[in-house]
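Undergrad: Need a 3D model of the following:
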Amino acid sequence: MIVIANGAFKSGSTWQRNLLKGLMDFQPLPENFQSKKHDSFVGVNRLADIVESPEIKSNNYLAKGHIYKKDHIELLASNVEDVKIFMIQRDIRDAIVSHYNHFINVRSFKPSFKTYYWLVGRYKAIQLAKYNKNWASYQNNVYHSTFESLKRDTPGELKRFAEFLGVPLSQKQIDDIIETNSIKKVRENSPRKWFFRKGEIGDYKNYLTPSMEKDLERIKKKNNLLDKLGYYIIFELRRSLS
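TA: Next up, the predicted model:
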């Protein structure tokens, strides 16, 4: 079986993947399953071969993903026996704030949040909304979680993770997994300490103005042609050229 911790960027999929590690004895992800850029990510262009591979019938693997294209989703969702997807969502407002802090950490251009929002953030919101919508109808081998539910009730959500995978989980295992993956410990052990920020619910209140929130509400309901064009130029075209 291959288990994929999946979610839009900055929605909590790294934390989710780390928690899932403690639930089963996973084998190292084979090289032919891996993304070319990150060895812990599943290779999205290799999904057809992966779901047909005899390896996932005899071993258990764990991978992370930011999979959102419909054809990729349908390919994974069609194999209910050997593929399990943990799809995590996050309040788009908090995800944008997290993306902003990531943005200023990895780029030489370090704008104010206001500049970031109107140039980049609002189009990131379009991407996140599209991402979550594409996954919404899939249920059979997809466990839908949220950053908020994982944050507020980590033990309960871990139990539900285990039930979805069909594995037993003791209270001691739950306690150990949570302790090992506390944000403090993960940050201490990571060479990229800045990557693991606050992880707070509602931090957007310190960033978003009323006009930004109003804009986000409109975006979630409907995108106009200029919004879609901006999203394509900033994210889709850049992705295709990289």
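Undergrad: Would you mind listing the buried residues in stretch 34-45?
TA: Going by neighbour count (16 or more other C-beta atoms under 10 Å), the buried part of stretch 34-45 is 34-35, 41-44. C-beta: built from backbone N, CA, C; applies to glycine.
Undergrad: Now the terminal residues of that stretch, how far apart.
TA: End-to-end distance for stretch 34-45, by C-alpha to C-alpha, to the nearest Å: 10 Å.
Undergrad: That stretch: how far from the chain's middle?
TA: 14 Å (C-alpha atoms, centre = their mean, to the nearest Å).
Undergrad: ok, back up a step: Throw the buried residues of stretch 34-45 into CSV and include secondary structure, distance to Ser53 and pLDDT, thanks.
TA: Converted to CSV, the buried residues of stretch 34-45 look like this (DSSP: H, G, I helix; E, B strand; the rest coil; distance: C-beta to C-beta, whole Å; pLDDT from 0 to 100):
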residue, secondary structure, distance to Ser53, pLDDT
Gln34, strand, 13, 92
Ser35, coil, 16, 90
Phe41, strand, 17, 94
Val42, strand, 12, 94
Gly43, coil, 12, 93
Val44, helix, 15, 91
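Undergrad: Ala129 reaches Lys220, doesn't it?
TA: Yes. Contact criterion C-beta atoms under 8 Å: Ala129 and Lys220 qualify, at 5.6 Å.
Undergrad: any common contacting residues for the two?
TA: Taking C-beta atoms under 8 Å, 6 or more residues apart in numbering as the contact rule, Ala129 and Lys220 both touch Ile92.
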